[in-house]
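Engineer: Predicted model and sequence follow; I will ask about them next.
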Amino acid sequence: MKFNEFGLDKSLLEGIEFIGFEKTTPVQEQAIPIILNGNDLIASAQTGTGKTAAFLLPIIHKIITSKQDEHIKALIVVPTRELAIQIDQQMEGFSYFTSVSSIAVYGGTDGTSFSREKQALTEGADVVICTPGRMISHLNLGYVKVSELDFLILDEADRMLDMGFYEDIVKIITFLPLQRQTLLFAATMPKEIRTLAQRVLKNPREVNIALSKPVEKVLQVAYVVYNAQKKPLVKYLLRHEKLKSVIIFCSTKISTKELSLELKKSGLAIEAIHSDLNQETREKVLISFKNRELNVLVATDILSRGIDIENIDLIINYDVPNDGEDYIHRIGRTARAEAEGIAITFINEKEQNRFLEIEELLGKPVTKARLPEQFGDSPPYNPRKFKPKKRGYRKH
Ligand code: AMP
């Protein structure tokens, strides 16, 4: 479907053309008319489906056609600072030829940015994209003009609940008018999301976009190893493949730090990204990775959802992720858009049962590659028995 079939404002269509979008993605085709029609929405769509434009475009259109004043019209609540910045960048692109303004409000920056945010919130940016904690700090101070708010968007709501933001979200909502349009986007729909939806949405319409990308497009391989073999194996893979863009996921901040230090020692251009780094450093690292100045990033799951970096050649799961959804999100970083990608997972003996659970969620075993000879023996893959889940991960 073409974007001009929705009846969107001309200045917004110019922005869409400028950005280079030609046809809608399925989530856009389904969600845009629902939002334009004024309905609440609950959408299951992961990053990479085009969900950001699915909510930004109709909202920008509605703001252009509503009365202009100093009140905030839309609040987009997201789990991480990186995602807030990324959505704000898309927002700037789409609204380039319109008069709609936006600001990203997120924690972890210095006092100057707090004052800048305060000013924008006082003068009333049209669209505010925020992380929960920082927004509550501003709301508690009383100057945020949300009394006339028309739209609340909870993006990556499942991730926000995983990160313990349920109470923060509920608190933010206490500041907002009851009469508003609420949109909830989540990659997965666990019970908690349904509960939140019942609490904050009114007669929502539903859109479901299957999590189809990873299995179809990513070549998935696993190495069964002893823990001590992981570091030499990662070095070997990085040395032997000519790769421009690699993300190595670790499950903890500590292993992220340790591994990146170790790899730096062997002369690789590597940086780590985790929540202990300050905002400025995180942004700098991310930009140099996006620009390909930096080829390898060692990261915690902070990067596994929401962040859109194109053309990642290889994902290495240095540790087996905690659950299947995290696995899908991590490997979804590669094979963005139409590109192929590779995801390699290292499984030590303790992680075998956890990996089996992931395979059960995927509905099939992941190919186990043979370790290069110089690494010696590897342990047998011997988790408890494989029992594919009847429903497979698509409907999870
Ligand atoms: P998202 O799922 O919103 O994170 O979007 C994933 C990527 O797809 C982003 O790089 C978008 O710029 C891109 N994208 C979204 N919608 C379209 C579209 N209709 N045509 C081309 N690219 C798109």
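Structural biologist: That came in fine, so what should we check first?
Engineer: Below-threshold pLDDT in the stretch 251-396 of the chain: ranges please.
Structural biologist: Residue ranges of the stretch 251-396 of the chain with pLDDT under 70: 304-308, 310, 335-339, 385-396.
Engineer: any idea where the helices of it begin and end?
Structural biologist: Ranges of helices in the stretch 251-396 of the chain, per DSSP state H, counting those that start in this stretch, are 253-265, 279-290, 324-331, 352-362.
Engineer: Equivalent analysis for the stretch 101-250 of the chain, please.
Structural biologist: Under DSSP H, counting those that start in this stretch, the stretch 101-250 of the chain gives helices at 111-123, 132-141, 157-162, 166-174, 191-200, 213-217, 230-240.
Engineer: Quickly compare those and say which is most buried.
Structural biologist: Most buried of these, by mean neighbour count (mean count of other CB atoms under 10 Å): helix 157-162, with a mean of 23. The C-beta positions use only the backbone N, C-alpha and C, and glycine is treated the same way.
Engineer: So for it, mean pLDDT?
Structural biologist: Helix 157-162 comes out with an average pLDDT of 91.
Engineer: Can you list the neighbours in contact with that helix?
Structural biologist: Contacts to helix 157-162, defined as CB atoms under 8 Å, 6 or more residues apart in numbering, come from residues 77-80, 132, 154, 166, 169, 184-190, 192-193, 196, 305-306, 325.
Engineer: so which of the helices of the stretch 101-250 of the chain comes closest to the ligand?
Structural biologist: When the helices of the stretch 101-250 of the chain are compared by CB to the nearest ligand atom, helix 213-217 sits nearest the ligand, at 10.4 Å.
Engineer: follow-up on the earlier one: now restrict the contacts of helix 157-162 to buried residues only.
Structural biologist: Among these, those buried by neighbour count (16 or more other CB atoms under 10 Å) are 77-80, 132, 154, 166, 169, 184-189, 193, 196, 305-306, 325.
Engineer: got the buried residues for stretch 10-30?
Structural biologist: Of the residues in stretch 10-30, 11-13, 15-16, 21, 24-30 count as buried by neighbour count, 16+ other CB under 10 Å.
Engineer: And for stretch 84-100?
Structural biologist: For stretch 84-100, burial by neighbour count (16+ other CB under 10 Å) applies to 84-88, 90-91, 93-95, 97-98, 100.
Engineer: likewise stretch 252-271?
Structural biologist: Applying 16+ other CB under 10 Å to stretch 252-271 flags Ser255, Thr256, Lys257, Leu259, Ser260, Leu263, Leu268, Ile270, Glu271 as buried.
Engineer: Adding secondary structure, distance to Thr52 and pLDDT, write the buried residues of stretch 84-100 out as a markdown table.
Structural biologist: Converted to a markdown table, these look like this (DSSP: H, G, I helix; E, B strand; the rest coil; distance: CB to CB, whole Å; pLDDT from 0 to 100):
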| residue | secondary structure | distance to Thr52 | pLDDT |
| --- | --- | --- | --- |
| Ala84 | helix | 11 | 95 |
| Ile85 | helix | 12 | 94 |
| Gln86 | helix | 8 | 94 |
| Ile87 | helix | 6 | 96 |
| Asp88 | helix | 10 | 96 |
| Gln90 | helix | 5 | 95 |
| Met91 | helix | 9 | 96 |
| Gly93 | helix | 11 | 96 |
| Phe94 | helix | 9 | 97 |
| Ser95 | coil | 13 | 96 |
| Phe97 | coil | 19 | 96 |
| Thr98 | coil | 17 | 96 |
| Val100 | coil | 15 | 96 |
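Engineer: overlap between those and the residues near the ligand?
Structural biologist: Among the buried residues of stretch 84-100, no residue lies close to the ligand (CB under 6 Å from any ligand atom).
Engineer: Quick check: the farthest pair among the residues you listed?
Structural biologist: Farthest pair in the buried residues of stretch 84-100 (CB to CB) is Ala84 and Phe97. Separation: 23.1 Å.
Engineer: Please list the residues of this protein that sit near the ligand.
Structural biologist: Residues of the chain lying close to the ligand by CB under 6 Å from any ligand atom are 21, 23-25, 28, 47-53, 308.
Engineer: ok, of the helices of the stretch 101-250 of the chain, where does mean pLDDT dip lowest?
Structural biologist: In terms of average pLDDT, helix 213-217 trails the rest of the helices of the stretch 101-250 of the chain, at a mean of 58.
Engineer: Out of the helices of the stretch 101-250 of the chain, which is closest to Glu357?
Structural biologist: Closest approach to Glu357 among those is made by helix 213-217 (16.0 Å; CB to CB).
Engineer: in which helix or strand would I find the residue of the stretch 51-200 of the chain found nearest the ligand?
Structural biologist: For the stretch 51-200 of the chain, the residue closest to the ligand is Thr52, as judged by CB to the nearest ligand atom, at 3.2 Å. Per DSSP states H and E: Thr52 is located in helix 51-64.
Engineer: What is the burial count for Asp319?
Structural biologist: 23 (other CB atoms under 10 Å).
Engineer: Please read the previous query as pertaining to Asp377.
Structural biologist: The number of residues near Asp377, taken as other CB under 10 Å, comes to 8.
Engineer: how close does it sit to the ligand?
Structural biologist: In this view, Asp377 and the ligand are 42 Å apart by CB to the nearest ligand atom, to the nearest Å.
Engineer: Kindly report the same for Pro321.
Structural biologist: From Pro321 to the ligand the distance is 20 Å (CB to the nearest ligand atom).
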